[in-house]
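> just need the structure, nothing else, for what follows:
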Amino acid sequence: MMSGLNPEVPLDWQLNKSLLECTSQLFLSSHLSDITFIFPNEHPIVNIPAHKFILGIRSPVFETMFCGALPAGETVKIIDNTSSAFKAMIKFMYTDRSEFNSSSEAIETMQAAHKYRIPLLAEICASYMENSVTTENVCCILDQAFLYDLTRLQTRCRKFIDENASQVFRTEGFTMLTPSTLGLILESDDLRLDECEVYQAAVVWAGSECSRQELRVTGENKRKVLGDAFYQLRFPHIPLQTFSEVVSREGLLTNEEVIDLFRYHASETKKPVEFCNNARRSLPSVMISRMQDGFRRNNMSKGCRTEAIKFQVTFTKKREQVQQARLVSLGLLNAVIRCDMEDEYFANSHLVTIELEYLSMNTESDSDDDFFDRPSKDLAVSSFCFPFTSKETKCITVDLPKPVDLTDGRWYKLSVTIYSSHKTMLKGKQYIQLLGSAIKSKVILESGLKVGFQGSTHGPIHSIYLRTD
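Numbers count the residues shown, from 1 in each chain. Below is the predicted model of the structure:
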């Protein structure tokens, strides 16, 4: 038999049911309903029936809405929540149960829970998000965590971003961050990312923010929308070449700031600048050396020393612990400059050119005579000067202007040339002698990576520095 009040409801439906079972039976039911929530902005328009008494005893906001000085009528329009989030909220109010299919559903439901002051549901939403953080959603979740002052969720998201900055900074969610949240991310000393990449990510965000604010995308406007976050960029820790060729030309810094930062890079005393100078505690790099044991001088070479080697980085069985390997620095053998008419000199600096290219897969044979003629694609090309200060120093470490992501199992061609730039040598022919020699072929296991080298024994490449994420 059906109830006389509602022919769709069985007669005596309440029998042998607990209070929770009865209220659960009424969820989304028009039986005994005395209020309807309408969502006019959705197509088609959604109507949700409900019961004032149940909503009123679960939420002080609904109690005021229905029993206050100006009580609501039989219909209420909702324009600031989605119908799906509203249903999830009142499902919890009727049944004490909640379930989400995605972090976006949890975020929308949490927004409704805060609006209608249902803290238990808000905590459930936050807990779900805490266990559902990914590179794609972490920025959106962090924005909500700051908005609602959810300390534990903030800590979880910030730690995740610190450890996965390379991936997170490339997502659409990063470009949608609020300015205040961006600033809090950039102030972290624990971001596992090189400063030039942090800067580039901030510039991309600023371009998106200019578009949102309908501003011309210029250097001046990018700095304007970055606000205080701009001063969290560690300009003193951006490599000089990248600063010179990229950062100084993009218009975010004033002429005076550019000059001050050039002076900072050129000065040995490192006078303070107005930007943050704390080095981020990024992931340590691993040195993979191809150096022979012992201190052995190499043969002299006229004018310059050059070398091209190939190397391969393969993730070992611990691959689940290594998601990405990057080439961040090179170790170059120290060099002595000689002149056939004068005594031995140690140059103030040498000019170095570096080229990194990738080769086709499966080029691992030792007898690859056509190695230098294979088609390849430039990944990094740079020229710069760096100092040699002591004849006792075997190796000088040179940071690449920008780290290069390496593909698991691919072979790469690395070419390095060292030229003398000693300005006082005006007479006679110049020669370069390297203070050491390398091993032609070598395979090294280190930090979850297998690195294979093939090359000559007389070139300047001592080692490569890899950083793993």
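> what's near enough to touch the most centrally placed residue in the chain?
What sits nearest the mean C-alpha location of the chain, by CA atoms, centre = their mean, is Ala165, with 2.3 Å. Residues counted as contacts of Ala165 (CB atoms under 8 Å, 6 or more residues apart in numbering) are 191-193, 197-198. (Glycine included, C-beta is placed from N, CA and C.)
> pLDDT value on it, please?
If you check Ala165, the pLDDT there is 89.
> and Asp340, by the same measure?
For Asp340, the pLDDT comes out at 50.
> now do the strands in the stretch 51-200 of the chain.
With strands called from DSSP state E, counting those that start in this stretch, the stretch 51-200 of the chain shows them at 75-77.
> domain parsing for this protein?
Using automatic domain parsing, the domains assigned to the chain come out as 19-132, 161-266, 286-468.
> what's the closest non-adjacent residue to Asp228?
Closest residue to Asp228 apart from its sequence neighbours, by CB to CB, 6 or more residues apart in numbering: Gly183 at 5.4 Å.
> turn the domains of the chain into a markdown table, columns for distance to Pro272.
Shown next, in a markdown table, are these (distance: least, CB to CB, whole Å):
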| stretch | distance to Pro272 |
| --- | --- |
| domain 19-132 | 40 |
| domain 161-266 | 8 |
| domain 286-468 | 22 |
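> and these, which one's lowest on average pLDDT?
Across those, domain 286-468 has the smallest mean pLDDT, namely a mean of 62.
> rewinding a little: quick check: the gap between the residue nearest to the centre of the chain and Leu142.
13 Å (CB to CB, to the nearest Å).
> ok, Asn47 next?
Computed as CB to CB, the Asn47 to Leu142 distance reads 35 Å.
> more neighbours, these two?
Higher neighbour count among Asn47 and Leu142: Leu142, with 28 against 12, using other CB atoms under 10 Å.
> my guess is that one contacts Arg158. True?
Yes - with contact defined as CB atoms under 8 Å, Leu142 and Arg158 form a contacting pair (7.0 Å).
> shared neighbours, those two?
Contacts common to Leu142 and Arg158, judged by CB under 8 Å, 6+ apart, are Ile185.
> before we move on, back to that, so which of the contacts of Ala165 comes closest to Ser59?
Top of the list for closeness to Ser59, among the contacts of Ala165 and by CB to CB, is Leu191 at 40.4 Å.
> pretty sure the closest one is touching Arg280, no?
Yes - counting by CB under 8 Å, Leu191 does reach Arg280; the two are 5.1 Å apart.
> ok, these two, which is more surrounded?
For Leu191 and Arg280, the more surrounded residue by other CB under 10 Å is Leu191, and the numbers stand at 27 against 20.
> quick one: which of the contacts of Ala165 is the most crowded by neighbours?
Within those, most neighbours by other CB under 10 Å means Leu191, with 27 neighbours.
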